[in-house]
Structure formats: C-alpha cells, structure tokens
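S.K.: when you get a sec, could you give me coordinates for this:
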Amino acid sequence: IYDLHERVLPDWDDSNLPALNEVYRQFILKTVRALGVARPAWIADYFRVNKKTVASLLPELIRCGQLCEVAVEGWAEPALYLPEQETLLHAAMDGKLEATHTTLLSPFDPLVWDRARTRQLFNFDFSIQCYLPAEKRTYGYFPLPILHNGELIGRLDAKARRKEGVFEVKSIYFEKNVTPDRTIANALAEAVIACAA
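M.R.: Numbering: from 1, shown residues only. You can find the predicted model right below:
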C-alpha cells in the first residue's frame, strides 16, 4: 500500500531519521536474523550495503552482544547469529529441526539470490538463464529452484500462460545426487499446483 508520508505518518519530521550507521547496523541485524547463521561475507549483499561498511560495524555488534559467533565445521571463520536465536541454533545443532516443506523458489528469492552463498551452503550452482542467449541456456528460460526438505534438489523450467490460465512445466532438472522417488514426485506436484494457483 503506497500513500503520501504525511497521511501515513502525519507527525513525522525528517530530523527523526536515525544516523546512517544505525541504519546499517539494523540492516546487518535484520540480515543475520533472516539468514539464521551467516558468514560475514554473506551479510553485505542482502541489503546491498558496502562490504567495507559491514566489516567496520561487525566488531562493535559482536562486542556489544547484538551478534554472537559460532564455529561451524568446515568454515575457516566463525559464523554470526542473533542471541535471541540461540535456542533455535542449539535445536539445529542437536538435529531437532526437521525441514518438511517443498516449494518452488523465484530466481530472486533471498535463499538463492547470493549465488556464492547458495554454492557454499547448498552446493547448488544457480544462475538466471533468461539473460543468456537461448543456445547458452542449460536449464531453460526461467528455471525455478526446487527446495525440498531443506535442500535444493533441482530446477523446474515453467511458463505461465496467463491468458489461457495454464501453468506449463517445460522440464525438470534434478541434481546429480538426487534420485527422484514417489515422495519427491508427490511433494513437487503439490508445489507446482501451489505455484500455479
């Protein structure tokens, strides 16, 4: 919903704006909240903040306790998380979180937007194919990443034919380590129906 600021916030005064560094700190905290556990290198891209700005603010956020560090096996540097998410972090570390959802993601979804993060976290190499010439596309025109039970298991190339009310599945590409079975097929069918709707 868009409106003029004087109708939404009639008492607003631009002098109430927070300092720019405070805005950046809030962007960092919101990013880490959204990502759950984040490598420092992942943070800047989420809100398109300058990497040097993020790097300069992280030590202060850690020192004042707004961010906490945790060692992650296989990662050279500590990851960051919010103190209020510590219970969730321990549940994940203890294997008590179970992903049970299957969905099709937009190529612009925050889960896959940062291509380097997607490779590091999911071992999933993803790119938007529609910007490539047709002969250079590997996965069709507009592939949608398939998220299944916490893993990116493939891509689905689809076309929405809006005038006819048809959602066409052109092709499905599973990752090499994924063996589609009836469980995946049923979950994916539900995800396609939900996306089409």
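
S.K.: quick check: the gap between K163 and Y141.
M.R.: Distance of K163 to Y141, computed by Cβ to Cβ, to the nearest Å: 18 Å. Every C-beta, even on glycine, is put in place using the N, C-alpha and C of the backbone.

S.K.: so which of these two has more stuff around it?
M.R.: Shown here are K163 and Y141; by other Cβ atoms under 10 Å, Y141 has more neighbours (14 against 6).

S.K.: please export the C-alpha coordinates of the least confident helix or strand in the chain by mean pLDDT as PDB.
M.R.: None of the helices or strands of the chain scores lower by mean pLDDT, DSSP states H and E than helix 5-8, at a mean of 88. Extracted C-alpha coordinates of helix 5-8, given in PDB (Å, rounded to 0.1, in the frame of the first residue of the first chain):
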ATOM      1  CA  HIS A   5       4.000  10.200   4.000                       C
ATOM      2  CA  GLU A   6       2.100  13.000   5.600                       C
ATOM      3  CA  ARG A   7      -1.100  10.800   5.600                       C
ATOM      4  CA  VAL A   8       0.700   7.700   7.000                       C
END
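
S.K.: how far does it sit from its chain's centre?
M.R.: 32 Å (Cα atoms, centre = their mean, to the nearest Å).

S.K.: quick one: residues in contact with that helix.
M.R.: The contact list for helix 5-8 (Cβ atoms under 8 Å, 6 or more residues apart in numbering) reads W12.

S.K.: helices or strands up against the biggest strand by length in the chain?
M.R.: Assignment by DSSP state E gives strand 151-161 as the longest strand of the chain. Packing partners of strand 151-161 (3 or more Cβ pairs under 8 Å, 6 or more residues apart in numbering; DSSP states H and E): helix 115-122, strand 143-148, strand 166-174, helix 182-196.

S.K.: and the most centrally placed residue in the chain, what's its pLDDT?
M.R.: Centrality entry for the chain: nearest residue to the mean C-alpha point is L111, 1.9 Å, by Cα atoms, centre = their mean. Per-residue pLDDT puts L111 at 91.

S.K.: could you pull up the contacting residues of the closest residue to I146 other than its chain neighbours?
M.R.: Leaving aside its sequence neighbours, I146 sits nearest to G154 (Cβ to Cβ, 6 or more residues apart in numbering; 4.7 Å). G154 makes contact with P145, I146, I172, Y173, F174, E175, V178, according to Cβ under 8 Å, 6+ apart.

S.K.: try 10 Å this time
M.R.: Each residue near G154 by Cβ atoms under 10 Å, 6 or more residues apart in numbering is listed here: 124, 139, 143-148, 172-176, 178, 180, 184, 188.

S.K.: quick one, which of these are buried?
M.R.: F124, Y139, P143, L144, P145, I146, L147, H148, I172, F174, I184, L188 (16 or more other Cβ atoms under 10 Å).

S.K.: tell me the contacts of the residue nearest to the third one when sequence neighbours are not counted?
M.R.: For P143, ignoring the flanking residues on the chain, the nearest one in space by Cβ to Cβ, 6+ apart is R155 at 3.8 Å. Contact partners of R155, counting by Cβ under 10 Å, 6+ apart, are 104-105, 107, 124, 126, 129, 138-140, 142-146, 171-175.
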